[in-house]
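> Provided below for reference: sequence and predicted model.
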Amino acid sequence: MTDAEALLATWEQKFRPHPDGADLPAHHNHCLGCGPDNPHGHRLQARRHGDSVVASHSFDGRHVGAPGIVHGGAVATVIDDLYGFLLYLVGTPAVTRRLTVDYLAPVLIGTTYRLEGSVTSREGRKLFVAASLTASDGRSVATSTAVFVTVGVDHFGRCGAPSVDD
Ligand SMILES: CCCCCCCC/C=C\CCCCCCCC(=O)SCCNC(=O)CCNC(=O)[C@H](O)C(C)(C)COP(=O)(O)OP(=O)(O)OC[C@H]1O[C@@H](n2cnc3c(N)ncnc32)[C@H](O)[C@@H]1OP(=O)(O)O
């Protein structure tokens, strides 16, 4: 089996139906959002919650922007990756075409937030998704919408998928 075939086999497993409440597998070991082996990564852990995905997450000192406050790009990264877990529920690979984030309040380093994402509609290849980041007191600190476009697995082969774990 080639490296590409081995990688494809792991993804095929991940796009199988996951029971409600199940922890969802990382996209791959070095994924910036969720890979357990990426030293710069966020190690996001998401689970299925009905037709949504949810995660409990805190940012650390690697993700600081203004002192004590999480860099907005780091927040966007984690939200984008959360959407990547929704794709397991949808059952098809897709990539981010547009991502918007409304930063409603500072996201603080070392504070745990709840993330929730869901698909709001689907039109042909386009998946319209939305997410929120909520503090423990229920305040919404960020909201997001995005458009993902479904792609075939050949998209990742063309982009060098076999070397993602290098
Ligand atoms: C051997 C290996 C096998 C691997 C298997 C892998 C499975 C793993 C799957 C998942 C892992 C998840 C990991 C999650 C991580 C987080 C997510 C990311 O970081 S993704 C990376 C960042 N994003 C990109 O790199 C995209 C770069 N862009 C592109 O590649 C192209 O632009 C692409 C594929 C998105 C679309 O290109 P076109 O040429 O195929 O399609 P066009 O015609 O441009 O658009 C398609 C439709 O979307 C609409 N559209 C385009 N932009 C829109 C917008 N802003 N709003 C609304 N609609 C829009 C268009 O009007 C069109 O609609 P109409 O088909 O005509 O109805």
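Perfect, thanks for sending it.
> Point me to the residue of this structure nearest the ligand.
The nearest approach of the chain to the ligand comes at residue 84, 2.5 Å away (Cβ to the nearest ligand atom). To be clear about C-beta, it is placed using only N, CA and C from the backbone, and glycine gets the same treatment.
> OK, contacts around the closest residue to that residue other than its chain neighbours?
Distances taken as Cβ to Cβ, 6 or more residues apart in numbering put residue 27 closest to residue 84, at 5.5 Å, once the chain neighbours are dropped. Neighbouring residues of residue 27 by Cβ atoms under 8 Å, 6 or more residues apart in numbering: 14, 33-35, 81, 84.
> so how far is residue 128 from residue 27?
Residue 27 sits 21 Å away from residue 128, taking Cβ to Cβ, to the nearest Å as the criterion.
> mind showing which ranges of the chain have poor pLDDT?
Along the chain, the parts satisfying pLDDT under 70 run over 1-5, 7, 160-166.
> could you pull out the strands for it?
Under the criterion DSSP state E, the chain contains strands at 46-49, 52-58, 94-103, 112-123, 126-134, 140-150.
> Now do the buried residues in the first one.
Using 16 or more other Cβ atoms under 10 Å as the burial criterion, the residues of strand 46-49 that qualify are 46-48.
> and that strand, C-alpha only, in PDB?
Extracted in PDB, the C-alpha atoms of strand 46-49 (Å, rounded to 0.1, in the frame of the first residue of the first chain):
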ATOM      1  CA  ALA A  46     -14.800  17.500  19.100                       C
ATOM      2  CA  ARG A  47     -17.700  15.200  19.500                       C
ATOM      3  CA  ARG A  48     -21.000  14.600  17.800                       C
ATOM      4  CA  HIS A  49     -24.000  16.200  19.400                       C
END
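> returning to what we had before: I'd like the contacts of residue 27 as a markdown table, with neighbour count appended.
Shown next, in a markdown table, are these (neighbours: other Cβ atoms under 10 Å):
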| residue | neighbour count |
| --- | --- |
| 14 | 16 |
| 33 | 21 |
| 34 | 25 |
| 35 | 21 |
| 81 | 25 |
| 84 | 23 |
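> Can you flag which of these belong to helices?
Secondary structure assignment by DSSP state H places 14, 81, 84 of the contacts of residue 27 in helices.
> re earlier: kindly reformat the strands of the chain as JSON lines containing distance to residue 71.
Shown next, in JSON lines, are these (distance: least, Cβ to Cβ, whole Å):
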{"stretch": "strand 46-49", "distance to residue 71": "21"}
{"stretch": "strand 52-58", "distance to residue 71": "14"}
{"stretch": "strand 94-103", "distance to residue 71": "11"}
{"stretch": "strand 112-123", "distance to residue 71": "15"}
{"stretch": "strand 126-134", "distance to residue 71": "14"}
{"stretch": "strand 140-150", "distance to residue 71": "12"}
